[in-house]
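Trainee: please work out how this folds:
(one chain, ligands or ions: 1)
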Amino acid sequence: MKIILASSNQGKLRELKAWMKDFEVYSFSEVMTPFEIVEDGDSFKENALIKARAVYKKLNNKSAIVMSDDSGISVNALEHSPGIYSARYAGEGATSQENLDKLIQTLKDKDIKRTSAYYTAAIAIVCAKGEFCVHGWMHGDAIAQKRGDKGFGYDPMFIPHGFDGTLGELDESVKKELSHRSRALELAKILLKAVV
Ligand code: ITT
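Mentor: Numbering: from 1, shown residues only. Below is the predicted model:
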């Protein structure tokens, strides 16, 4: 089964491709000229559907199956921000390093060293059978420092429940087992089997 991933985020693409070994997976930039998708939804679900829909429409191939991932980190003490704004927390066009630094600085400004946080992933599938969306979450703590260089995005400041290290320090197998993305993917794989 051939699946097109509507994402330009290299960290996500690496994880999605590694975790979907039993499927033939391509990023949309491998099958078409990449184009800008405006993510102006009010939820992870809406933004995931906007991305998958845009790529499905552009492919103009009824039998295509397009999958997208909209995700982010939410810090309870910051009224659940940055949430859906995780990719542009430090401003439009900000790098993941700038977003990470800004979240650490925001915690430091509030004198917070460690606090509850969670990641959310919404995975959307758009194909001839319709539009679908599933979610996954990972809970833990955000800390006001970077530790480790594994993973991507906010991983160096996130400690999953039950561990001492950040996702930047822990073996990648831990994230693969526990993450918001893998939990959403487990459900997405069930959906995929139903839509082909
Ligand atoms: P696409 O829309 O092209 O998929 P994006 O980076 O713009 O890429 P999002 O709008 O979903 O994707 O933004 C999610 C941001 O949240 C992303 O840029 C990361 O910084 C962060 N994020 C999401 N999942 C993460 C994870 O597993 N580990 C670390 N950071 C993550």
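
Trainee: can you pull up the most central residue in this protein?
Mentor: Nearest residue to the geometric centre of the chain (C-alpha atoms, centre = their mean): residue 71, 3.5 Å.

Trainee: correct me, but it touches residue 180?
Mentor: Yes: assessed by C-beta atoms under 8 Å, residue 71 is found in contact with residue 180 at 6.3 Å. Where C-beta positions appear, they are placed from N, C-alpha and C, glycine not excepted.

Trainee: hang on, the earlier thing: enumerate every residue touching the nearest residue to the residue nearest to the centre of the chain once chain neighbours are set aside.
Mentor: Leaving aside its sequence neighbours, residue 71 sits nearest to residue 121 (C-beta to C-beta, 6 or more residues apart in numbering; 4.1 Å). Residue 121 makes contact with 44, 69-71, 135-137, 179-181, 183-184, according to C-beta atoms under 8 Å, 6 or more residues apart in numbering.

Trainee: of those, which belong to helices?
Mentor: 44, 180-181, 183-184 (DSSP state H).

Trainee: returning to that earlier point: would you mind measuring from the residue nearest to the centre of the chain to residue 117?
Mentor: Distance, residue 71 to residue 117, by C-beta to C-beta, to the nearest Å: 13 Å.

Trainee: may I have the secondary structure class of the residue with the largest distance to the centre of the chain?
Mentor: Most distant residue from the mean C-alpha position of the chain: residue 111, 27.9 Å away (C-alpha atoms, centre = their mean). Using DSSP: H, G, I helix; E, B strand; the rest coil, the structure places residue 111 in coil.

Trainee: the ligand contacts on the chain?
Mentor: Listed as neighbours of the ligand in the chain under the rule C-beta under 6 Å from any ligand atom: 7-9, 12, 39, 51, 69-72, 86-87, 96, 99, 119, 151-155, 179, 181.

Trainee: please repeat the previous calculation with a cut-off of 5 Å.
Mentor: Residues of the chain lying close to the ligand (C-beta under 5 Å from any ligand atom) are 7-9, 70-72, 86-87, 96, 153-155.
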